[in-house]
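In: Could you look at this predicted model? Sequence included:
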Amino acid sequence: MNHRLRSAEWFEREGLDAFLHRSWLKAEGVTDEAFRGRPVIGICNSWSELVNCNVHLRALAESVKRGVLQAGGFPLEFPVMSLGESLMKPTTMLYRNLMAMDVEESIRAYPLDGVVLLTGCDKTNPASIMGAASANIPSIVVTGGPMLNGHWRGQELGSCSDCWHFHEELRAGRISDAEWTEIEGSMSRSHGHCQTMGTASTMACMTEALGLTLPGGAAIPAVDSRRSGLAERAGRQIVELVEQDLKPGDILTEEAFDNAIRVLHAISGSTNAVIHLIAYAGRVGVDLTLDRFDELSRSTPWLVNIKPSGERLMEDFYYAGGLPAVMAQIAELLHLDARTVSGRSVGENIAGAEIVNPDVIATAAEPLQAHGSLVVLTGSLCPDGAVLKISAADSKLLRHEGTAIVFEDVHDLAARVDDPALEVDADSVMVLRNAGPVAVPGMPEWGHLPIPAKLLKQGVTDLVRISDARMSGTSYGAVVLHVAPESAVGGPLALVRDGDRIRLDVDARSLDLLVDDAELARRRADWTPPSRKDERGYRRLYVEHVLQANQGCDFGFLCGRSRVVADTLTYL
């Protein structure tokens, strides 16, 4: 090893401090031979019984430990906050930054030479990467993997795309309560994250595309023994990364982000990835804007046939060749010399990768669509941008003008959406405000506004819906999201009224409120911001410091890296 181990500052010095550090570690029953002179590898575990996606990570940690020991390292597992979208209220997005702080400060404070990040549910992955990127010591990610495909009456079910679909069927009276209960027990039949191309699957793919996990790791099912094998290999590889002193900052370059954005479009990934990738970039000093996502979308083909934009599920994706097969198809669009935690370049990682099942992964020569699935909109209603997943929308609505029906918040929406007296038709534009990062707070996944029941009964399957919220990556429809600035800070969404005309034009990348400037000025003069919901604790900190969606919803004071070694030496 050509450099001094960071852990040596704790264990290899003379004096009382080092004596105490070694003594306290020996209290755990380990000997000098176990740790002295060896790289100390932290296993950062987001395991929790509150999070079904992550409940198996304790077992994966044992596989990582085997690999670390095989390579001559000393593994120490430690817990961090765990975020589970299914049970946490109002949203895990509120706590992503808090978990990122937990990860970063745990790495900074302890004698770690490298870290393996065990992640699963969709915010545990970004939070862990954000924290590790700022701490900037050698790091590798092991994602938890998707659950097995759901099955019900001969249909393959995906969480939670089919939740939304069958809930609409229930509200329209086309399935019974008994059938709804059957589906509840049939959809999620193993641990692991959602098996659609939701946010968790998307961010696992982004992790692989960025080069932060071993190739092929994104799609291995959670219960497949090969995921444990991957974890063991990651344990060996992190020791090699410490030897090379290869850090997240060496991997998360502009070229790596371009690769990830290309992959995002090719897999028709979650809109949430846009926010998370921008947040990553802010942590390592890369200038990544919404414009870059749209620019690369125009020349990247959509290849992956997975719900909610397609028909298949992540288990099928793994058997069909997984992400290496996708990346090999778009190799000419990628920066193949980008570095990865495997110790090899992107090009070397995907060399020879082939499509096994073309029904799941299309070729670049015959793509599902010649361009990417996500577009970025600007205009008078979203001057700082908004996003739309066109692959999951009714194409007839991608150029649309209609009359606004405004809901002040999610409670107003719930109270009125199924009211038979609601003046709504298939041309209406549903607008939800006060759902952004500051308003709730946390920017929940409320953007997939339910289609009013009376329209469902008429056979309407999609409607233009606009909000400053996010939506689950498992959702679908002509849903415009992440409108910035949000309404709670005075964005134009705050000024929309029932009956206003709104125009969406995807080809022009525009979203406009068709109200004259003088009228908008009068409305703005009458507008007052909503009152704060929280006056103490983390939620107050969040509201005071969170950036808008187009800036990644990080805290401004967290952008950039900490200086872990320098700070450690200062306090020793």
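Out: Ah, there it is.
In: Spell out the residue ranges of the strands in the stretch 151-300 of the chain.
Out: Under the criterion DSSP state E, counting those that start in this stretch, the stretch 151-300 of the chain contains strands at 155-157.
In: all helices of it, in order?
Out: Applying DSSP state H, counting those that start in this stretch to the stretch 151-300 of the chain gives helices spanning 161-171, 177-184, 199-210, 225-244, 248-251, 254-266, 272-284, 290-297.
In: which secondary structure elements does the shortest one contact?
Out: Counting contacts by 3 or more CB pairs under 8 Å, 6 or more residues apart in numbering; DSSP states H and E, helix 248-251 is packed against helix 124-135. For glycine as for every other residue, the C-beta is placed from the backbone atoms N, C-alpha and C.
In: the inter-axis angle of the helix it packs on versus helix 272-284?
Out: Here helix 124-135 runs at an angle of 10 degrees relative to helix 272-284 (axes from the mean of the first three to the mean of the last three CA atoms, to 10 degrees).
In: Downstream of helix 124-135, the next helix or strand is which one?
Out: Later in the chain than helix 124-135, the nearest helix or strand by DSSP states H and E is strand 139-143.
In: Mind listing residues that contact that following strand?
Out: 60, 64, 114-120, 125, 128-129, 132, 193, 203-204, 207, 212-214, 217-218, 230-231, 234, 237-238, 241, 247-248, 341 (CB atoms under 8 Å, 6 or more residues apart in numbering).
In: how about a cut-off of 7 Å?
Out: With CB atoms under 7 Å, 6 or more residues apart in numbering as the contact definition, strand 139-143 has outside contacts at 60, 64, 114-120, 125, 128-129, 132, 204, 207, 212-213, 217-218, 230-231, 234, 237-238, 241, 248, 341.
In: For the helices of the stretch 151-300 of the chain, which has the smallest mean pLDDT value?
Out: Mean pLDDT values for the helices of the stretch 151-300 of the chain show the minimum at helix 161-171, a mean of 82.
In: Which pLDDT value goes with the residue nearest to residue 362 when sequence neighbours are not counted?
Out: With CB to CB, 6 or more residues apart in numbering as the criterion, residue 362 has its nearest non-adjacent residue at 4.7 Å, and that residue is residue 303. Model confidence at residue 303, expressed as pLDDT, equals 98.
In: Could you double-check that residue 303 sits in contact with residue 268?
Out: No: with contacts defined as CB atoms under 7 Å, residue 303 does not count as touching residue 268, sitting 8.4 Å away.
In: hmm, back to that, got a list of what the residue nearest to residue 362 touches?
Out: 266, 326, 329, 361, 362, 364, 367, 368.
In: Can you list which of the residues you listed are found in helices?
Out: When DSSP state H defines the helices, the subset of those inside them is 266, 326, 329.
In: Counting neighbours, what do you get for the residue nearest to the last one when sequence neighbours are not counted?
Out: Of all residues not flanking residue 329 in the chain, residue 364 sits nearest, at 4.4 Å (CB to CB, 6+ apart). Close neighbours of residue 364, defined as other CB atoms under 10 Å, add up to 17.
In: Would you agree residue 364 is in contact with residue 331?
Out: No: when contacts are counted by CB under 7 Å, residue 364 is not listed as touching residue 331 (8.8 Å).
In: From one end of stretch 429-436 to the other, what's the distance?
Out: Taking CA to CA, to the nearest Å, the span from the opening residue of stretch 429-436 to its closing residue is 19 Å.
In: what sits up against it?
Out: Contacts of stretch 429-436 with the rest of the structure, by CB under 7 Å, 6+ apart, involve 402-410, 413, 443-444, 446, 449, 463-469, 486-488, 493-494, 496, 502, 530.
In: still on that earlier bit, need the ones in helices among the contacts of residue 303 in CSV with distance to residue 34, can you?
Out: Written out in CSV, the entries for the ones in helices among the contacts of residue 303 read as follows (distance: CB to CB, whole Å):
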residue, distance to residue 34
266, 45
326, 42
329, 46
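In: need the contact list for residue 65.
Out: Taking CB under 7 Å, 6+ apart, one finds 43, 75, 235 in contact with residue 65.
In: Where is the longest strand in the protein?
Out: When the chain is scanned for its longest strand (criterion: DSSP state E), the result is strand 399-407.
In: helices and strands around that one, which ones?
Out: strand 429-432, strand 501-505 (3 or more CB pairs under 7 Å, 6 or more residues apart in numbering; DSSP states H and E).
In: got the buried residues for the shortest one?
Out: Right, strand 429-432. Neighbour counts over strand 429-432 (16 or more other CB atoms under 10 Å) mark 429, 430, 431, 432 as buried.
In: can you check the longest one too?
Out: By neighbour count, with 16+ other CB under 10 Å as the criterion, the buried positions of strand 501-505 are 502, 503, 504.
In: And the contacts of that strand?
Out: Contacting residues not belonging to strand 501-505 are listed as 381, 399-404, 429, 464, 480, 511-514 [CB under 7 Å, 6+ apart].
In: which intervals of this structure have sub-threshold pLDDT?
Out: Along the chain, segments meeting pLDDT under 70 span 563-572.
In: In it, which residue sits furthest out from the middle?
Out: residue 15 (45.6 Å; CA atoms, centre = their mean).
In: can you give me phi and psi for it?
Out: Phi and psi for residue 15, reported as degrees, to the nearest 10, are phi 100, psi 180.
In: From residue 431, how far off is it?
Out: Between residue 15 and residue 431 the distance is 65 Å, computed by CB to CB, to the nearest Å.
In: ditto for residue 287
Out: Shown here: residue 287 relative to residue 431, a distance of 32 Å by CB to CB.
In: what lines up beside the longest strand of the chain in the sheet?
Out: Strand 399-407 has its sheet partners listed here by DSSP bridges as strand 429-432 (parallel), strand 501-505 (antiparallel).
In: just so I know, which of the ones you listed lies nearest residue 350?
Out: strand 501-505 (36.7 Å; CB to CB).
In: May I see the buried residues of the helix or strand just after the closest one?
Out: Scanning forward in sequence from strand 501-505 by DSSP H and E, the next helix or strand is strand 510-513. Using 16+ other CB under 10 Å as the test for burial, strand 510-513 gives 511, 512, 513.
In: from what I can see residue 511 touches residue 381, true?
Out: Yes: using CB under 7 Å as the test, residue 511 is close enough to residue 381 to be in contact (4.9 Å).
In: can you pull the contacts of residue 250?
Out: Applying CB under 7 Å, 6+ apart, we find residue 250 in contact with residue 339.
In: If we use 10 Å, what do you get?
Out: Taking CB atoms under 10 Å, 6 or more residues apart in numbering as the criterion, residue 250 is in contact with 136, 138, 211, 241, 244, 256, 284, 339, 341.
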